[in-house]
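Participant: Here's my sequence, what's the structure:
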Amino acid sequence: MVLRSSKSVPTPNQNKAPRRNDHVKKPRASASSSVQRLKQGGSASQQTPKKKKRPKESGSDNEHPPIPAIQEPVKRIVKPGNQLELSEQALEQDVTRILTGDDPNVPKNVCKFSFKDRCYKPDPPGQGDNMAIHFSLQGSSFHIDSAECKKYQEANSFNDQSVDAKETTSDTKITSESQMVTPTTSSGNSTTSSGTGIKGEHTKNQFNYSERGSQTFNNPMKSRGVHTEPPPMTQYQDDVSQSKIYDSYKSECLISMMEHQQEGNGDIRSFEDKLASIVMDKGEIVEDRSDTIHSEHMENALKVMERLVNQNAEDDIFQDFKYWEDASDQYRQHGEGTLLPLWKFSTERTNRKQVTSLCWNPRYNDLFAVGYGSYDFMRQGNGIVCCFSLKNTSYPEYAITTESGVMCLDFHPQHPSLLALGCYDGTVLVYDIGNGRNKPIYSSSSRSGKHSDPVWQVCWHDSGYSKDFNFYSVSSDGKVANWTMSKNELKMEIVMQLKLVSSSKEATDEPSLCRLAGGSSFDFSETLENKFLVGTEEGNIHECSKAYSGQYIKTYDGHHMGVHTVKWNPFHEDIFISCSSDWTVKIWDQKTAQCILHFDLNNSVSSVCWSPYSSTVFAAVTTDGKVHVFDLAQNKREPLCAQKVAKKARLTHVSFNLKDYILIVGDDRGVVHALKLSPNLRKLTLLEDVVESSGGDGGDEGREGKELDEYTIQRYKMLRLLASIDKKYASEV
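Facilitator: Predicted coordinates:
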């Protein structure tokens, strides 16, 4: 729609203030004066009118007063102060405006909560929100040709006829009563009585009102009943004994066996017939060992029931495990934290044994394996492996017994049911805990190959060129071996012989066999397939490769006693950590020969482990029963938590859970302690801090920082720590 603007442009004289005497009416000019003006100046319409002088009043009485002129009211156009000054061209321009039906008063910023997406979302106005109802009235008229109008007219005509019939009957009654009245007095009285008597005509009520009572129609009450035949009832009584219960279970088991045997024959018989046939052929049926009591379904049902009972009994601990957070952490100085004790895992069979290894299952985050043995040469015996679950803390899910003490174990990363074990007598075993058997599927022997000293660590590692499963082991006999699971046996291949590195430069004439160093721990790099680290009982750490088995790539001389654990950092390929019996924990960079960080814990350090959620958090356990948790991003000198877990026991191993913020610690009395980390011990790095540390001030790096994954964030966190230690790492940040 095109609308032409109709704004009026005021003339210059319109803005002037009105004069004081504008309201005074001026007299009309006489006819003679108008004639004279026509003679002098021609047409009056062509000349501009001149101001008229008021005629002078004469003193003679014969002169008539002048006739006043009729003047129309003066119209003034007042210009507002904020009016735009438009030119002629702007006034003639067409202004196009679109008229819409939207209501300007309807809010457009309404937000409503979406239960599907669990967030607030804007709710734009719909079509019905812009409609405004100014007047609404229900109609009371019908169309004259509609069916409703005809029904209404018929109903009204019927009611009128019934009312007329009643009125006619009442009129006839009144007239008959008036005729029965007779006069009893004189003629005068008769005239008065006739004048005041009842009239024969009945006047119609103008308001159509009738004085009569009405009563609604009450529906009669009905009662209805249905009679059915009662179900047949029989009385049965019997006594229950253990033998009858066993016979009933046995009969059901035999019936199920017969049904499986006669599945395709279409045998349709009653329960009694089947039971009779089974009893007759009882001598021919071999007893099935997988009865109902000892079946797999019964075992699974009992496991679920045991878990429910255990969780109900320890409901407070499970609530703390899921929801408890130490609120006092925000008031502690220097970001210190605590460890909340949750459970203690132990059995009667493992009370006199030592926890020699811990390992979490890579698929099931609540399942972990514990190896039991003895570090004392004079107290050797059989070994036990128990698989505990956080869902059932009272008893292990699986239990495996070995002939020799278990020194180490490891789950396969892709096949979580495969468990590799290393024993004190030098044998390695592979179990499949999924089949429920207590026998290994692979075992080393003297014929296929075997270590001559205790195996201190095993680790699954894919060789890359073989389709068979491989795992590696290190032993005190100075050998790093590769074990291949072939079809029939476990094959051994020597990868590295750990030669003793002498600190003195003098050559000795001892045979090379006596110069092998005892290996105590090792770890493979996640980035480089062939590279691995080996810690020895002499305190040296050797960097080796599977491609060069004859010599070391590099040797780190950092500990004075045996190295118990060596681990690569999961977020940085050059950083690794080690602990030793010389009371120290050291962090190394493979590019330098000296350690970059050194911690003295005042006791022999049994084990150390990096956390899976932060590149700067690690935990270490000592023989005095303390757990030390460090966060190098907050404090590079002291631990944030040094808590005593066991009073009269030595801690042997520690391991972080892969998903939850808990860690498990084993001691030399066969007890595994589960501890939950407080919020100060599991602080995560914010993305803004990483972008800021990487130079993200609005440039390309800052924009790329918003798309960083968790691995890159933790890597930047470690690089920032290294830059604070030594300036040579600043270029990497």
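
Participant: from here on, contacts and neighbour counts on C-alpha atoms
Facilitator: Will do.

Participant: and Gly666, which of the three is it?
Facilitator: Secondary structure assignment for Gly666 (DSSP: H, G, I helix; E, B strand; the rest coil): strand.

Participant: May I have the beta-bridge partners of the nearest residue to it once chain neighbours are set aside?
Facilitator: Nearest non-adjacent residue to Gly666, counting by CA to CA, 6 or more residues apart in numbering: Val672, 4.4 Å away. Applying DSSP bridges to Val672 gives these bridge partners: Phe345, Gly666.

Participant: let's number from 38 now, not from 1
Facilitator: Got it, the first residue is 38 from now on, which makes the last one we talked about Val709.

Participant: separation between Val709 and Phe693?
Facilitator: As defined by CA to CA, to the nearest Å, Val709 lies at a distance of 13 Å from Phe693.

Participant: correct me, but Tyr589 touches His579?
Facilitator: Yes: taking CA atoms under 8 Å as the definition, Tyr589 is a contact partner of His579 at 6.4 Å.

Participant: So between those two, which is more surrounded?
Facilitator: Between Tyr589 and His579, counted using other CA atoms under 10 Å, the more crowded position is His579 (21 against 16).

Participant: can you tell me which helix or strand the more buried one belongs to?
Facilitator: Assigned by DSSP states H and E, His579 belongs to strand 577-582.

Participant: again with Lys754
Facilitator: Using DSSP H and E, Lys754 sits within helix 747-762.

Participant: Could I get the buried residue list for that helix?
Facilitator: Ile750, Gln751, Arg752, Tyr753, Lys754, Met755, Leu756, Arg757, Leu758, Leu759 (16 or more other CA atoms under 10 Å).

Participant: Same check on stretch 470-479?
Facilitator: Of the residues in stretch 470-479, those buried (16+ other CA under 10 Å) are Ile470, Lys476, Pro477, Tyr479.

Participant: For it, give me every contacting residue.
Facilitator: Contacts to stretch 470-479, defined as CA atoms under 8 Å, 6 or more residues apart in numbering, come from residues 435-438, 454-456, 466-469, 522, 526-527.

Participant: now, which of these lie within strands?
Facilitator: Tyr435, Ala436, Ile437, Thr438, Leu455, Leu456, Leu466, Val467, Tyr468, Asp469, Met522, Leu527 (DSSP state E).

Participant: Go ahead and confirm the last one touches Arg484.
Facilitator: No: at 10.1 Å, Leu527 and Arg484 do not qualify as touching, with contact defined as CA under 8 Å.

Participant: what about those two, which has more around it?
Facilitator: Leu527 (22 against 7).

Participant: give the contact list for that one.
Facilitator: So Leu527 contacts Tyr479, Ser480, Ser481, Ser485, Trp520, Thr521 (CA under 8 Å, 6+ apart).

Participant: Not counting its neighbours along the chain, what's nearest Lys623?
Facilitator: Using CA to CA, 6+ apart and skipping the chain neighbours, the partner closest in space to Lys623 is His635 (4.7 Å).

Participant: SS state for the one you found?
Facilitator: strand.

Participant: Tell me, what's the model's pLDDT at it?
Facilitator: Here the pLDDT value assigned to His635 is 90.

Participant: What's the local residue count around it?
Facilitator: 14.

Participant: what stretches of the chain score poorly on pLDDT?
Facilitator: 38-103, 200-251, 300-328, 500-503, 539-552, 722-745, 764-770 (pLDDT under 70).

Participant: need the contact list for Val654.
Facilitator: With contact taken as CA under 8 Å, 6+ apart, Val654 is in contact with Trp647, Ser648, Val666, Phe667, Asp668, Leu669, Leu718, Arg719.

Participant: ok, the fifth one touching Ala657?
Facilitator: Okay, so that is Asp668. No: counting by CA under 8 Å, Asp668 does not reach Ala657; the two are 11.8 Å apart.

Participant: And the strands in the stretch 588-737 of the chain?
Facilitator: Along the stretch 588-737 of the chain, the stretches classed as strands by DSSP state E, counting those that start in this stretch are 591-594, 600-605, 612-617, 621-626, 632-637, 642-647, 654-659, 663-668, 678-681, 688-693, 699-704, 709-714.

Participant: Likewise for the stretch 288-437 of the chain?
Facilitator: Using DSSP E, counting those that start in this stretch, the strands found in the stretch 288-437 of the chain span residues 376-382, 391-397, 404-410, 420-426, 435-439.

Participant: Give the other helices and strands that the third one contacts.
Facilitator: Contacts defined by 3 or more CA pairs under 8 Å, 6 or more residues apart in numbering; DSSP states H and E place strand 404-410 against strand 391-397, strand 420-426, strand 443-448.

Participant: do the last one as well
Facilitator: Helices and strands in packing contact with strand 435-439 are listed as strand 420-426; criterion 3+ CA pairs under 8 Å, 6+ apart.

Participant: try 10 Å this time
Facilitator: Helices and strands touching strand 435-439, by 3 or more CA pairs under 10 Å, 6 or more residues apart in numbering; DSSP states H and E, are strand 404-410, strand 420-426.

Participant: can you give me the helices in the stretch 38-187 of the chain?
Facilitator: Ranges of helices within the stretch 38-187 of the chain are 68-78, 125-129, 184-216, based on DSSP state H, counting those that start in this stretch.

Participant: just the buried members of the contacts of Leu527?
Facilitator: Among these, those scoring as buried are Tyr479, Ser480, Ser481, Trp520, Thr521 (criterion: 16+ other CA under 10 Å).
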